[in-house]
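Enquirer: Build me a model:
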Amino acid sequence: MLVPRTLAPNLTVKTLQHGEFDLTRENPSLMMLVCFYRGLHCPVCGNYLKELERLTPAFQERGVRTIAMSSDGEDRARQMADKIGAEHLRFGYGLPLSTARQWGLYISASRGKTSIGIEEPELFSEPGVFLIRPDQTVYWLSVQSMPFARPIFAEMVQALDFVIKNDYPARGEYMGEV
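Expert: The predicted structure is shown next:
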């Protein structure tokens with residue numbers, strides 16, 4: 001189980017326009033926001049990523065870099081980036097499902113075409129959002145087993161203002177006996 005204040009697993013993927021993304025080479029002034037999405041087939045992901053695209057400048061103002069990624073190949077990732085009008089948000093693709101599992105993401109099997117008529121991949125990861133500190137430790141995480149009821153990016157921006165002002169520590173790190 002991935003726990004706050006512990007090292008995040010390695011994460012390296014190709015991106016559409018920014019070369020290779022390697023979490024260990026990122027150096028955000030505050031944190032890295034990693035948004036794992038299900039893939040082009042997911043209508044909820046499209047709307048969710050539109051919101052992250054819209055708020056990426058607000059995250060950047062607070063020292064947080066953003067990237068969205070899935071196990072989709074380059075063509076499907078490009079279609080998603082085009083669909084949401086990505087200008088600010090980086091898109092990674094080709095996430096190995098073994099890496100998704102290391103990050104604690106749930107894996108689902110295809111159920112055929114979705115409500116928007118796009119075939120699901122044979123296997124794909126469910127969504128997750130992570131804030132990772134420059135030292136590669138997990139600050140905050142949210143993982144879902146379903147496509148809906150995800151963290152709200154506007155609330156995360158507001159929470160970051162509190163975190164910055166109060167030097168608020170990562171929580172949920174205790175792994176001792178209870």
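
Enquirer: doesn't Ser108 make contact with Phe124?
Expert: Yes. If you go by Cβ atoms under 8 Å, Phe124 and Ser108 touch, sitting 6.0 Å apart. (Each C-beta comes from the backbone N, C-alpha and C, glycine too.)

Enquirer: which SSE is the spatially most central residue of the chain in?
Expert: Centroid check for the chain by Cα atoms, centre = their mean gives Cys35 as the closest residue, at 1.0 Å. If you go by DSSP states H and E, Cys35 is part of strand 31-36.

Enquirer: Then Ala100?
Expert: Using DSSP H and E, the element containing Ala100 is helix 97-102.

Enquirer: cool, and Trp140?
Expert: strand 138-143.

Enquirer: What strands line up against that strand, and which way round?
Expert: According to DSSP bridges, strand 138-143 forms sheet pairs with strand 128-132 (antiparallel).

Enquirer: which residues touch Glu74?
Expert: Glu74 makes contacts with 14, 16, 93-94, as judged by Cβ atoms under 8 Å, 6 or more residues apart in numbering.

Enquirer: Kindly check the end-to-end length of stretch 81-89 for me.
Expert: One end of stretch 81-89 sits 9 Å from the other (Cα to Cα, to the nearest Å).

Enquirer: on that earlier part again, what residues are recorded as beta-bridge partners of the residue lying closest to the residue nearest to the centre of the chain once chain neighbours are set aside?
Expert: Nearest-residue entry for Cys35: Ala68, 4.5 Å, with adjacent residues in sequence omitted and distances by Cβ to Cβ, 6 or more residues apart in numbering. In this entry, Ala68 is beta-bridged to Cys35, Phe91, by DSSP bridges.

Enquirer: For Lys14, give me phi and psi.
Expert: Here is the backbone geometry of Lys14 (degrees, to the nearest 10): phi -80, psi 150.

Enquirer: That one - how many residues pack around it?
Expert: For Lys14, the count of nearby residues is 17 (other Cβ atoms under 10 Å).

Enquirer: Kindly state the beta-bridge partners for it.
Expert: Glu20, Tyr93.

Enquirer: contacting residues for it?
Expert: Lys14 touches 20-21, 74, 92-94, counting by Cβ under 8 Å, 6+ apart.

Enquirer: Could you rerun that using 7 Å?
Expert: For Lys14, the contacting residues are 20, 92-94, by Cβ atoms under 7 Å, 6 or more residues apart in numbering.

Enquirer: What is the burial count for the residue nearest to Leu7 when sequence neighbours are not counted?
Expert: Nearest residue to Leu7, sequence neighbours excluded (Cβ to Cβ, 6+ apart): Gln136, at 5.3 Å. Residues lying near Gln136 (other Cβ under 10 Å) number 16.
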